[in-house]
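Q: give me coordinates for this.
(2 chains)
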There are 2 protein chains.
Amino acid sequence: MANFELTRDFIDEIRSLIENKDKKKLAEILEELHPADIAEIYEELNIEEAKFLYFLLDDDKAADVITELEEDDRQKFLKSLPSEVIAKRFIDNMDSDDAADIISEFDEDRKQEVLSHIEDVNSAGNIVDLLNYEEGTAGSLMAKELIKVKESWDVPTCLRSMRRQAGEVDDVYYVYVVDNDGILKGTLSLKKLLISSPKSKIKDIYNSNVISVKADTPSEEVANIMNKYDLVALPVVDDIGRLLGRITIDDVVDVMREEAEKDYQLASGITEDVEVSDNVWLQTRARFPWLAIGLAGGIMGSRVVTDFMGNIGSHPQIAIFMPLIAAMGGNVGIQSSAIVVQSLASGDMGIETPWKKLFKEFAVAIFNASILSLLIFSYTFLIGSDIALTITVSAAMFSVVIFASLFGTFIPLLLDKIRIDPAVATGPFITTLNDIVGMFIYLSIAVYFFAKLG
Amino acid sequence: MANFELTRDFIDEIRSLIENKDKKKLAEILEELHPADIAEIYEELNIEEAKFLYFLLDDDKAADVITELEEDDRQKFLKSLPSEVIAKRFIDNMDSDDAADIISEFDEDRKQEVLSHIEDVNSAGNIVDLLNYEEGTAGSLMAKELIKVKESWDVPTCLRSMRRQAGEVDDVYYVYVVDNDGILKGTLSLKKLLISSPKSKIKDIYNSNVISVKADTPSEEVANIMNKYDLVALPVVDDIGRLLGRITIDDVVDVMREEAEKDYQLASGITEDVEVSDNVWLQTRARFPWLAIGLAGGIMGSRVVTDFMGNIGSHPQIAIFMPLIAAMGGNVGIQSSAIVVQSLASGDMGIETPWKKLFKEFAVAIFNASILSLLIFSYTFLIGSDIALTITVSAAMFSVVIFASLFGTFIPLLLDKIRIDPAVATGPFITTLNDIVGMFIYLSIAVYFFAKLG
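A: The predicted structure follows:
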């Protein structure tokens, strides 16, 4: 199967086939496509067209397509279907984690209705269990489907049991070894099982050095653990070590992407996940709030400037470097906060104390501040600015770079300490604050030197 | 095994054990730790201490630790060892992709020396093959180790062959089915193999609907494909479809992390990968270049202001909103470019034409510009600013927001078209340009209205 790329022409072809009700040709096309590709096609169709396609899919593939849809498209699509169809055609054919994710998007009444239509009590129970875990924890990422074997078994017993259990588990990378109380003892890779002698006992071949997490471990930590130890599946246990489920790498990759995108968005002043393909309203909603904060900050900055109006009136050349100083404060602040935010996100904070970190940032700041200050001094001196302006802009550059560096490092460390996402400290928030403080520093220094030297 | 967290105390303990040459206790501690954890410890030790630990590890674990080290720490460590030790103790115990990565970090002479000390000609050949692929392509990510079976075999033949091949392959998720010419026909999951009847023929049970990439496919595309289709391993083929190797998800997760971090760094004005734990010199080197660009841009902006000095002298209140307008231009520009950059990175550009995208951005911009302009108009009006200033700042806000939106959308689209990483368009570059243009728009409008109304 070649890699699929969605084109305008292809969508037009699909639409005209739907219009002509050419079920045979459409079924042929869908047969060739991966559920993730069909989901992309769904997102370009209207509800009636999508429904037409969905009746051409077998149950397993239909369930996979629903899982792959983006949340808002999925909600729109499922809204048009009765609860019984959702339960029997979709939920019954999904892994428990995907099923729980989708059911959690419904309101309370719909949730109950869909759950009541699930035929297999065991799988309904699994879903209800998963719905109880808080979003953003290991419990909310795990699936209950896994293959469990007992440490006391031999290889043939294990294989027989696996054949029974394997039907309902999609991706098997490891089997989990438990004792009679269901406590996780270790893992056994399928490779090991395939190459071991049939006479081996499970307890002699499994790997007892297994990494696991508890159900309330935060998702970011799960992602960092799976990344650090290169795991494709991670078992989840309860407080006394009983095996509850497993998290697979594909779900964690999504967590990592979302986390990285969220930090990037916050740094760029976007409040929610938007893409170029989203509509005007979604884009505006994601962008306007930060702009409004920027406006409020800018207005505060304008009050600072207003307080110095008299000085600017008598020495209008002060205005020349106002935007420069404000911009440099913003730039330095964003750099400093971004380094802290990224190190916090990847768990690479090292073993230094916060004071050591601030001290190091101070050393970097002194260096940058000195060079930048020297450069702007040389420039203003060479173009023949008056001495008061030359000294003002150099001194202000030095002070603003130092202040913005320390402020940009301190704020995200503080936010992290009090358990607020430090990523909000990057982007417009810190830029705006640095703008205001930078303006105040610059203008105060100007007043001093123009009084003394001007 | 519990999740390991590196502390200052633990490092101090390790160091004092090394000083006392307490090999027994150290070996016990290392025995319990994962290679990724030992790598973290190495990074806190000096070369002599690290070497002492390394002699306590068995060959397999020592090779894993070296693979897990960060590039600069690894280079420092390997520099202190003879080529023969590197070849026999590390390279011989690594997968071909890790070995090739490490050898590619050496200079030409060292590379030849290490290669000449590898005992197994076959594995040296694999490494040399991999070294030929360009960095940032599927070829540079793949390992040659995989399990191949022929479609004509039956299950027992397949299992026998697998037992022979499996020794050298660490993580087996699928076996790859090829024809007599080595052309990839499909995959067979170990689960399927375990639950199939021993009488089955491979050709009746394998999945022929396999997704593969060519060796020159860019890494970002590999990452997007594995993410979209939830794959843990992806086969790589040559131009006529012969199986060359396979890429595993752990390597791709690293690509995704690096890609996301790089975009974030560029948006924040950092030129290379730095962490809080890096030293002052590395941090300065990563940050100073962007600050220098910001300074140059700021100086250009100051020239714009200088041209309007006369007007500011006679109407100093113009200065009040200069920082606000500059900041809003920067904020809007970063938002617009970030959305394009992120959509390009995740492959979610949708099927609209570039003109359609710019038009949509224009609609978002008109909306934001109108509201922001109205807000600043109300504010200036309420605080009783003179009419010329009120109109100037409102009109400038409107124009600057529209300009910065379109500019922020257009530049990354253009860069992507001419194959420059669009992420450079976010961050200081676009902010600075928007500052300058914003200043010019604001001051020009001010001159016009103050002449007319002031």
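Q: just the element for the closest residue to A:Thr426 other than its chain neighbours, please.
A: The spatially closest residue to A:Thr426, leaving aside those adjacent along the chain, is A:Ala267, at 4.1 Å (Cβ to Cβ, 6 or more residues apart in numbering or on different chains). (Glycine included, C-beta is placed from N, CA and C.) A:Ala267 is part of helix A:249-268, with elements assigned from DSSP states H and E.
Q: who's in contact with the residue nearest to A:Thr426?
A: A:334, A:338, A:341, A:423, A:426-427, B:264, B:267-268, B:338 (Cβ atoms under 8 Å, 6 or more residues apart in numbering or on different chains).
Q: hmm, 7 Å instead?
A: Contacts for A:Ala267 (Cβ atoms under 7 Å, 6 or more residues apart in numbering or on different chains) come out as A:338, A:423, A:426-427, B:264, B:267-268.
Q: do the same with A:Asp64
A: A:Pro35.
Q: now, the most widely separated pair of the contacts of A:Ala267?
A: Greatest spatial distance among the contacts of A:Ala267 (Cβ to Cβ): A:Ala423 and B:Ala267, at 12.0 Å.
Q: now do the SS call for the nearest residue to A:Phe407 once chain neighbours are set aside.
A: Among residues not flanking A:Phe407 along the chain, A:Gly333 sits closest, at 6.2 Å (Cβ to Cβ, 6+ apart). With DSSP: H, G, I helix; E, B strand; the rest coil as the basis, A:Gly333 sits in helix.
Q: neighbours of A:Gly333, how many?
A: Using other Cβ atoms under 10 Å in any protein chain shown, the number of residues around A:Gly333 comes to 32.
Q: need the per-residue pLDDT for it.
A: At A:Gly333, the predicted lDDT confidence score is 89.
Q: how much space separates it from A:Ile436?
A: 11 Å (Cβ to Cβ, to the nearest Å).
Q: any idea how far A:Glu272 is from chain B?
A: 11 Å (Cβ to the nearest Cβ, to the nearest Å).
Q: so who does the closest residue to that residue other than its chain neighbours touch?
A: For A:Glu272, ignoring the flanking residues on the chain, the nearest one in space by Cβ to Cβ, 6+ apart is A:Ala286 at 4.7 Å. A:Ala286 makes contact with A:270-272, A:274 under the criterion Cβ under 7 Å, 6+ apart.
Q: check A:Val304 too.
A: Per Cβ under 7 Å, 6+ apart, neighbours of A:Val304: A:436, A:439-440, A:443.
Q: and those residues near chain B, which?
A: A:Met439 (Cβ under 7 Å from any Cβ of the partner chain).
Q: dump the contacts of A:Val304 into a markdown table; add neighbour count and pLDDT as well.
A: Converted to a markdown table, the contacts of A:Val304 look like this (neighbours: other Cβ atoms under 10 Å in any protein chain shown; pLDDT from 0 to 100):
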| residue | neighbour count | pLDDT |
| --- | --- | --- |
| A:Ile436 | 23 | 89 |
| A:Met439 | 27 | 92 |
| A:Phe440 | 16 | 94 |
| A:Leu443 | 22 | 95 |
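Q: doesn't A:Leu244 belong to a strand?
A: Yes - applying three-state DSSP, one finds A:Leu244 inside a strand.
Q: hmm, back to that, what's the closest of the contacts of A:Val304 to chain B?
A: A:Met439 (5.8 Å; Cβ to the nearest Cβ).
Q: who's in contact with the helix or strand bottoming out on mean pLDDT in chain A?
A: Across the helices and strands of chain A, mean confidence by mean pLDDT, DSSP states H and E is lowest for helix A:190-195: a mean of 81. Applying Cβ under 7 Å, 6+ apart, the external contacts of helix A:190-195 come out as A:155, A:172, A:205, B:159, B:162-163, B:166, B:172, B:190-191, B:194.
Q: run the chain-centre distance for that helix.
A: Centre-to-centre, helix A:190-195 and its host chain are 35 Å apart (Cα atoms, centre = their mean, to the nearest Å).
Q: also stretch A:244-262?
A: Distance, centroid of stretch A:244-262 to centroid of chain: 8 Å (Cα atoms, centre = their mean).
Q: may I see the buried residues of it?
A: Using 16 or more other Cβ atoms under 10 Å in any protein chain shown as the test for burial, stretch A:244-262 gives A:244-253, A:255-257, A:259-262.
Q: next: stretch A:354-372.
A: Residues A:357-358, A:360-362, A:364-369, A:371-372 are the ones in stretch A:354-372 that count as buried (16+ other Cβ under 10 Å).
Q: also stretch A:288-308?
A: Applying 16+ other Cβ under 10 Å to stretch A:288-308 flags A:288, A:290-291, A:293-295, A:297-299, A:301-302, A:304-305, A:308 as buried.
Q: same list, those residues, but as CSV with distance to B:Lys144 please.
A: Below are the buried residues of stretch A:288-308 laid out as CSV (distance: Cβ to Cβ, whole Å):
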residue, distance to B:Lys144
A:Phe288, 52
A:Trp290, 49
A:Leu291, 52
A:Ile293, 53
A:Gly294, 53
A:Leu295, 57
A:Gly297, 56
A:Gly298, 58
A:Ile299, 62
A:Gly301, 59
A:Ser302, 64
A:Val304, 64
A:Val305, 65
A:Phe308, 68
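Q: in helices, which of those fall?
A: Among the buried residues of stretch A:288-308, the members found in helices (DSSP state H) are A:288, A:290-291, A:293-295, A:297-299, A:301-302, A:304-305.
Q: from these, which is closest to B:Leu231?
A: For those, the closest approach to B:Leu231 (Cβ to Cβ) belongs to A:Trp290, at 36.2 Å.
Q: who's in contact with the residue nearest to the closest one when sequence neighbours are not counted?
A: Take A:Trp290 and drop its neighbours on the chain: the residue closest to it by Cβ to Cβ, 6+ apart is A:Gly269, 3.9 Å away. Counting by Cβ under 7 Å, 6+ apart, A:Gly269 makes contact with A:290, A:427-428, B:331, B:334-335.
Q: go again with 10 Å.
A: Counting by Cβ atoms under 10 Å, 6 or more residues apart in numbering or on different chains, A:Gly269 touches A:286-287, A:289-291, A:293-294, A:426-429, A:431-432, B:330-332, B:334-335, B:338.
Q: brilliant, that's me finished.
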